[in-house]
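Q: Return atomic coordinates for the entry below.
(one chain, ligands or ions: 1)
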Amino acid sequence: MLAYLGRPDLISFAGGFPDPLTFPRERASALLREFAASGESTAFQYAPTRGLAGPLDAIAGRLETLQGRRPADDELLITSGAIEALELVGKSFLDRGDIVVVEAPTYLGAIMAFRSFETEIVSVPLDDGGLEVDELERRLSDGLRPKLLYTIPDHQNPAGVSLLRERRRRLVELAQRYGFLVVEDVAYRELSYEDDAEPSLWSLAPDAVVQAGTTSKTFFPGVRLGWAVGPADVSAQLVAAKQNTDQCAGALGQRLFEEYVRRGWIDEQLTMSRSLYRRKCDRMLSALERWMQPGIRWTRPRGGFFSWLTLPELLDAADLTKQAVERKVAIVPGQLFFADGSGAANVRLSFSLVDETLIDDGIERLASLLE
Ligand SMILES: Cc1ncc(COP(=O)(O)O)c(C=O)c1O
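A: Prediction:
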């Protein structure tokens, strides 16, 4: 996927990268000049493992505003991206043979992170309303005993769907009843195209949920900055694990993000980013309506970066991916997003990075291949 991204001759629906149009070049450079001129040393120095006090306060404040709950000081830590939060959860809690439940499909990086601890990954399907909590409940009552469950409730990667409100409540109740930890990945939560956010799982059950968040899609991934918030005893374990991972997230990124939040710039950027991604999403959905044959289905995201295509049974997404490259279109075959190797009938289409003016052409090429 990353190799495709480097090929300028391809119309790429492959990577889940943010659009560089959203990068705050001017403001980042103004802040750097300020830090240098004021003689600030914090931004250039090592930071405490949990994070610098100012950036922690800024993130806690955002959680309070956006999710209605302010974490206590011993519940929050700053990580080097959400993927590090998953790694720290793995290091702290997972032993060989432990059961981790994931959505089918789910984020490839999470499958890789949990696999590296030699766990058994159990997949529970999702539908247009997110994780099928009924199915999870059935399996739990049949004896399934996971140590943790990983979910992306908002604008999921790769499926572009969100978890229904009523399922959110039932999911955390199941975690409390059966004693497993929920790992909630909110990578796309702030990139909703609508105003009516559903409650985060962490806000519903702060005793049973660790939330992994990232600034990669809302600020810029070059700083590798995220957070983990969860029960104080869990958070303490993550801090201990971080001490022998990278010891601290980069102070420079932390300070840049803190100032970005304090000056209200993050909200301005989010308004701009949401409308850009919404426009790109609409363009892709219209192109799909226009060009795709009957029998092919896709999800209609209300935020985030992805739509998920379901092909007729006879087709194989991996073959289609190879043929698409010959027509200068990059897509990602569904198989990459399933822990059990299924997904041959699915394709992930990302509209976040592709040049807006090429979306129609790219989808037409893909549709002509499918014909
Ligand atoms: C669901 C999900 N979680 C986490 C990440 C990675 O976040 P970060 O850049 O903060 O490591 C991504 C990036 O693609 C993602 O899609």
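Q: Would you mind measuring from the nearest residue to residue 256 once chain neighbours are set aside to residue 302?
A: Using CB to CB, 6 or more residues apart in numbering and skipping the chain neighbours, the partner closest in space to residue 256 is residue 31 (5.6 Å). Placement of C-beta: from N, CA and C, glycine included. Distance, residue 31 to residue 302, by CB to CB, to the nearest Å: 32 Å.
Q: Those two: which is more packed in?
A: The residue with more neighbours, out of residue 31 and residue 302, is residue 31; 21 against 16, by other CB atoms under 10 Å.
Q: does that one count as helix, strand or coil?
A: helix (DSSP: H, G, I helix; E, B strand; the rest coil).
Q: Help me confirm that it comes into contact with residue 257.
A: No. Using CB atoms under 8 Å, residue 31 is not in contact with residue 257; the gap is 9.9 Å.
Q: Could you say which helix or strand holds residue 35?
A: If you go by DSSP states H and E, residue 35 is part of helix 25-37.
Q: now the strands for this protein?
A: 11-12, 76-79, 99-104, 120-127, 130-131, 148-151, 181-185, 209-214, 226-229, 297-298, 306-310, 329-330, 332-333, 346-350 (DSSP state E).
Q: Out of those, which is closest to residue 41?
A: Checking the strands of the chain against residue 41 by CB to CB gives strand 76-79 as the closest, at 18.4 Å.
Q: and that closest one, which strands flank it?
A: strand 226-229 (antiparallel) (DSSP bridges).
Q: quick one on the thing from earlier: ok, residues contacting the helix holding residue 35?
A: 40, 43, 44, 220, 255, 256, 259, 260, 265 (CB atoms under 8 Å, 6 or more residues apart in numbering).
Q: Would you mind listing which of those residues are buried?
A: In those, burial by neighbour count holds for 43, 220, 255, 256, 259, 260, 265, counting by 16 or more other CB atoms under 10 Å.
Q: Surely the second one and residue 18 touch.
A: Yep, that's residue 220 we're talking about. Yes. Shown here, residue 220 and residue 18 form a contact pair, counting by CB under 8 Å, at 6.9 Å.
Q: buried ones in the helix ranked longest in the chain?
A: Criterion DSSP state H: the longest helix present in the chain is helix 265-291. For helix 265-291, burial by neighbour count (16+ other CB under 10 Å) applies to 265-266, 269-270, 273-274, 276-278, 280-281, 283-285, 287-288, 291.
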